[in-house]
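Novice: dropping the sequence and predicted coords here.
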Amino acid sequence: MKMPGGMDRPRGLRYQRSDFREGESMSGHGEPIPMTARKSGPLKGVAEVPGDKSISHRALILGAMAVGETRVTGLLEGQDVLDTAKAMRAFGAEVTQLAPGEWSVRGVGVGGFAEPAEVIDCGNSGTGVRLIMGCMATSPITATFTGDASLRKRPMGRVTDPLALFGARAYGRQGGRLPMTIVGAAEPVPVRYTVPMPSAQVKSAVLLAGLNAPGQTVVIEKEPTRDHSERMLRGFGAEITVEDTDEGRVITLTGQPELKPQTVAVPRDPSSAAFPVCAALIVEGSDIRVPGVSQNPTRNGLYTTLVEMGADIAFENPREEGGEPVADLRVRFSALKGIEVPEARAASMIDEYPILSVVAACAEGTTVMRGVKELRVKESDRIDAMARGLEACGVRVEEEEDVLIVHGMGPGGVPGGATAKTHIDHRIAMSFLVLGLAAQKPVSVDDGSPIATSFPVFEGLMAGLGAEIVRAGA
């Protein structure tokens with residue numbers, strides 16, 4: 001059988017084009033779960049949010065590329081990370097859950113991946129699929145990747161283009177979309193690559209590919225992005241340097257190391273913490289604590305922005321866990337003011353703009369968010385999804401390709417009373433459910449099931465704080 005472009009299908013693949021009919025989900029998310037949030041009384045208590053998703057993915061992947069047993073505690077057990085664990089097993093690593101949040105990974109070493117027998121389904125995870133493509137692209141094996149309907153719409157060329165420089169080949173649907181087969185490079189060469197857009201996923205995929213290439217692989221970032229990969233690679237024993245130059249942030253990795261197994265303590269995810277934090281800020285009378293949240297400077301843009309808006313957030317007991325700075329947050333209801341968010345901050349808070357737009361709707365004045373076009377190629381077009389949902393709830397919004405402007409209605413001023421379309425996007429779903437806690441009338445979402453991909457305990461955690469969020473028919 002011929003692959004796209006007329007080439008023969010690589011040997012060993014076991015799929016048919018009919019396996020991937022457009023619009024079907026292969027990640028097992030199941031039927032939609034409509035949900036509704038109603039105006040709540042003050043939120044109180046402790047919000048113990050899950051482990052960081054970005055670090056959880058990387059701990060499993062680097063554990064699989066090390067020689068020996070890596071132990072991971074605090075691992076996020078959302079569907080995205082579980083799909084990465086399953087993928088690492090398919091490449092030959094032994095990945096075992098020992099207890100809730102505690103996992104063992106017995107790796108096969110750099111260059112030791114086996115060719116998977118079946119298609120790798122990464123569900124809803126853009127991070128998972130792109131990082132996994134990178135880590136196998138410089139081994140002489142072939143793998144086919146797919147995901148749910150949302151992931152199959154997302155562009156993969158941003159990763160496969162630099163992977164081709166190593167010698168890997170990619171065969172996918174029109175527009176560089178999944179399903180996609182990657183034929184790894186039998187004789188990889190090192191690469192010097194300037195990332196054309198701020199993307200930690202692209203940077204990390206290139207660095208992971210560089211592990212099994214001889215010599216030095218160099219990645220240049222014009223704008224710094226989250227640096228979990230660099231920190232963790234160094235922790236696993238890779239030779240990696242980071243230098244700020246006139247050219248940008250230059251990351252140099254020496255290939256073909258023997259990675260040493262580690263004990264990784266995953267800090268709590270600042271992107272997940274954003275939801276209870278922002279809920280407490282906009283629900284009158286709230287006072288909550290969120291312990292052990294990562295304060296990595298490449299991830300804390302939202303918290304800097306919230307403080308500038310007037311948020312009452314105390315960062316207590318700062319310390320380091322698992323090579324990452326963390327702190328305990330105390331958050332109280334605040335009268336917030338709209339601001340202009342610096343464009344240079346976008347990379348450090350790209351996943352948090354949906355929930356920030358909810359906070360902006362509950363603030364006084366106008367909030368302007370620039371440099372946000374990357375949101376259009378996330379799990380959904382998040383700019384459009386938030387704009388349409390906020391408008392349906394009575395909030396005035398303006399948008400351009402790279403700009404989102406929200407005209408705030410003040411505390412308790414958002415009318416609500418609408419159902420937002422989530423587009424199979426966990427952050428859109430959680431953002432509108434948080435809005436419903438402060439709006440005058442209930443706010444619903446058409447499907448809350450994607451929340452399980454990143455924050456499987458969201459409902460229970462929010463209920464424990466006093467939030468009224470219910471499933472349809474409950």
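Specialist: Now that the structure is in, tell me what you want to look at. Numbers count the residues shown, from 1 in each chain.
Novice: looking at R9 now. What's its pLDDT?
Specialist: Confidence at R9, expressed as pLDDT, is 38.
Novice: kindly apply the preceding question to E223 instead.
Specialist: The confidence metric pLDDT takes the value 89 at E223.
Novice: make sure it is indeed in a helix.
Specialist: No: counting by DSSP: H, G, I helix; E, B strand; the rest coil, E223 falls outside a helix, being coil.
Novice: distance of it from V195?
Specialist: Here the criterion is CB to CB, to the nearest Å. By it, E223 lies 9 Å from V195. Where you see a C-beta, it was placed from the backbone N, CA and C, and this is true even at glycine.
Novice: more neighbours: those two, which one.
Specialist: A side-by-side neighbour count of E223 and V195, using other CB atoms under 10 Å, places V195 first with 22 against 16.
Novice: in terms of contact, does the more buried one touch V218 like I think?
Specialist: No: counting by CB atoms under 8 Å, V195 does not reach V218; the two are 11.1 Å apart.
Novice: how about G107: what's its closest non-neighbour residue?
Specialist: In this structure, G107 finds its nearest non-sequential neighbour in A66, 4.1 Å apart by CB to CB, 6 or more residues apart in numbering.
Novice: typo on my end, N317
Specialist: In space, N317 is closest to D328, 4.8 Å off (CB to CB, 6+ apart).
Novice: tell me which strands the host helix or strand of that neighbour pairs with, and in which orientation.
Specialist: Taking DSSP states H and E as the definition, D328 sits inside strand 324-332. According to DSSP bridges, strand 324-332 forms sheet pairs with strand 287-294 (antiparallel), strand 312-321 (antiparallel).
Novice: which sections of the stretch 1-150 of the chain are below the confidence cut-off?
Specialist: 1-30 (pLDDT under 70).
Novice: and with 50 instead?
Specialist: Screening the stretch 1-150 of the chain residue by residue with the criterion pLDDT under 50, one finds the ranges 1-28.
Novice: which residues of it fall in strands?
Specialist: 35-38, 44-46, 67-73, 94-99, 102-108, 120-121, 142-146 (DSSP state E, counting those that start in this stretch).
Novice: and the next element down the chain from the last one?
Specialist: Which is strand 142-146. helix 157-166.
Novice: just how off-centre is the following helix or strand past that following helix within its chain?
Specialist: From helix 157-166 onward toward the C-terminus, using DSSP H and E, the following helix or strand is strand 169-173. In terms of CA atoms, centre = their mean, to the nearest Å, the gap separating the centre of strand 169-173 from the centre of its chain is 23 Å.
Novice: run the angle between strand 169-173 and strand 142-146 for me.
Specialist: 30 degrees (axes from the mean of the first three to the mean of the last three CA atoms, to 10 degrees).
Novice: what are the pairing partners of strand 169-173, and which direction each?
Specialist: With DSSP bridges as the criterion, the sheet partners recorded for strand 169-173 are strand 177-183 (antiparallel).
Novice: how about the strand it pairs with: buried residues?
Specialist: For strand 177-183, a neighbour-count test (16 or more other CB atoms under 10 Å) marks 177-183 as buried.
Novice: how about JSON lines for these, with pLDDT and distance to D83 added?
Specialist: Putting the buried residues of strand 177-183 into JSON lines (pLDDT from 0 to 100; distance: CB to CB, whole Å) gives the following:
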{"residue": "R177", "pLDDT": "95", "distance to D83": "18"}
{"residue": "L178", "pLDDT": "97", "distance to D83": "13"}
{"residue": "P179", "pLDDT": "97", "distance to D83": "15"}
{"residue": "M180", "pLDDT": "98", "distance to D83": "16"}
{"residue": "T181", "pLDDT": "98", "distance to D83": "18"}
{"residue": "I182", "pLDDT": "98", "distance to D83": "17"}
{"residue": "V183", "pLDDT": "98", "distance to D83": "22"}
